[in-house]
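> From the sequence below, what's the structure:
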Amino acid sequence: MDYYIKGSDIIVSEPDLDLDETLDCGQAFRWKKIPSDYECTYTGSFLNDCLTVSKLRDGEFLFHNVPENDFLSKWLNYFDFDTDYSELKKQFSEDETLAKACKFAGGIRLLRQDSWECLISFIISQNNNIPRIKGIIDRLCENYEGRFPYPEEFAMETEETLAYLRSGFRAKYLCDAAARVNSGETILGDIAAMPIDAARAELKKIKGVGPKVAECILLFGMYRTDAFPVDVWIKRVLSEYYPDGFPAFAKDNAGIAQQYLFHYIRNLQTAAV
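Residues are numbered from 1 along each chain as shown. The predicted model follows:
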């Protein structure tokens, strides 16, 4: 990744980034595609700091009105720009199926999200679809004047006060998560540093956090790239292409490999239908 400053903007050169594939693939839910004069533009938030980013041309992106210090201290890490995805895809391509997946959606990157926001977001994601997840999170942020609530204030909510979210059975899980994090019973930073099996077990102590949600929190909220969320699409991949197990050489970055496979199999089979 290279960048340069142009007025109040940052221009980023990164061949291994596609905004649609990265920001609208179901790993983060506060990004929205908006009309613009560019090839595509998204607006979203991380740690309650807003960003508008546009594609100028293949491999070149405009980060609107971003001071260099903010880019280096926040957005560079968020977009995982220090990771060489070309090298990762080269490694993954030792496997025939992964090679096809990387070629199909080579612009996916892992977003390094806040663990608290990720916890709440993926509790909301249970048995849900992306538009509805985004709607619930939008209503949550609107209630807190456009920002994501902090644990200490969200812990004051009850199932009744969360009725405006229209989140159904998930409200009681959200309350439990907020109470645990606020009280210190669950310390997300400590969990992120645990051996992965211990981290999984600790996350699953939170009501409503099952195996898949725990893996998503580990991968997207704690950058545990050895986490491997399994949903109906990945079950199909494992059954059809990896009946003898996922390739051992990709184990340390299995979560990133999963992102390519998820996008590939979902779009491939949807198109076939």
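> Tell me where the stretch 151-273 of the chain has helices.
Remark: helices assigned in the stretch 151-273 of the chain by DSSP state H, counting those that start in this stretch are 151-154, 170-183, 188-193, 196-203, 211-216, 222, 232-241, 254-272.
> just checking, what packs against the shortest one?
Other elements packing on helix 222 under the criterion 3 or more Cβ pairs under 8 Å, 6 or more residues apart in numbering; DSSP states H and E are helix 188-193. C-beta here means a position set from N, CA and C on the backbone, and glycine is covered the same way.
> in the helix it packs on, what's buried?
Leu188, Ile191 (16 or more other Cβ atoms under 10 Å).
> which residues sit against that helix?
The contact list for helix 188-193 (Cβ atoms under 8 Å, 6 or more residues apart in numbering) reads Ser115, Trp116, Leu119, Val181, Ala199, Glu202, Leu203, Leu218, Gly221, Met222, Tyr223, Arg224.
> Just the pLDDT for the second one.
Reading off the per-residue confidence, Trp116 sits at a pLDDT of 98.
> I'd like the next helix or strand past the helix or strand hosting it.
For Trp116, the element it lies in under DSSP states H and E is helix 115-124. Toward the C-terminus, helix 115-124 is succeeded by helix 130-143 as the next helix or strand (DSSP H and E).
> just the angle between that following helix and helix 170-183, please?
Here helix 130-143 points in a direction 50 degrees away from that of helix 170-183 (axes from the mean of the first three to the mean of the last three Cα atoms, to 10 degrees).
> picking up where we left off before, orientation of the helix holding Trp116 relative to helix 170-183 in degrees?
160 degrees.
> Can you give the distance of the one helix or strand in the chain whose mean pLDDT sits lowest from its chain's centre?
The weakest-scoring helix or strand in the chain, judged by mean pLDDT, DSSP states H and E, is helix 254-272 (a mean of 83). Relative to the centre of its chain, helix 254-272 is centred 15 Å away, using Cα atoms, centre = their mean, to the nearest Å.
> Show me what it is packed up against.
Using 3+ Cβ pairs under 8 Å, 6+ apart, helix 254-272 sits against helix 85-92, helix 96-104, helix 232-241.
> one more time with 10 Å, if that's ok
helix 19-23, helix 85-92, helix 96-104, helix 211-216, helix 232-241 (3 or more Cβ pairs under 10 Å, 6 or more residues apart in numbering; DSSP states H and E).
> Counting by contacts, list what the second one packs against.
To tie it back to what came earlier, the one meant is helix 85-92. Using 3+ Cβ pairs under 10 Å, 6+ apart: helix 85-92 touches helix 96-104, helix 254-272.
> what's the longest strand in this structure?
strand 49-57 (DSSP state E).
> which other helices and strands contact that one?
Using 3+ Cβ pairs under 10 Å, 6+ apart, strand 49-57 sits against strand 9-13, helix 19-23, strand 40-46, strand 60-63.
> Relative to Asn129, which of the ones you listed is closest?
Of all the helices and strands packed on strand 49-57, helix 19-23 sits nearest to Asn129, with 16.9 Å by Cβ to Cβ.
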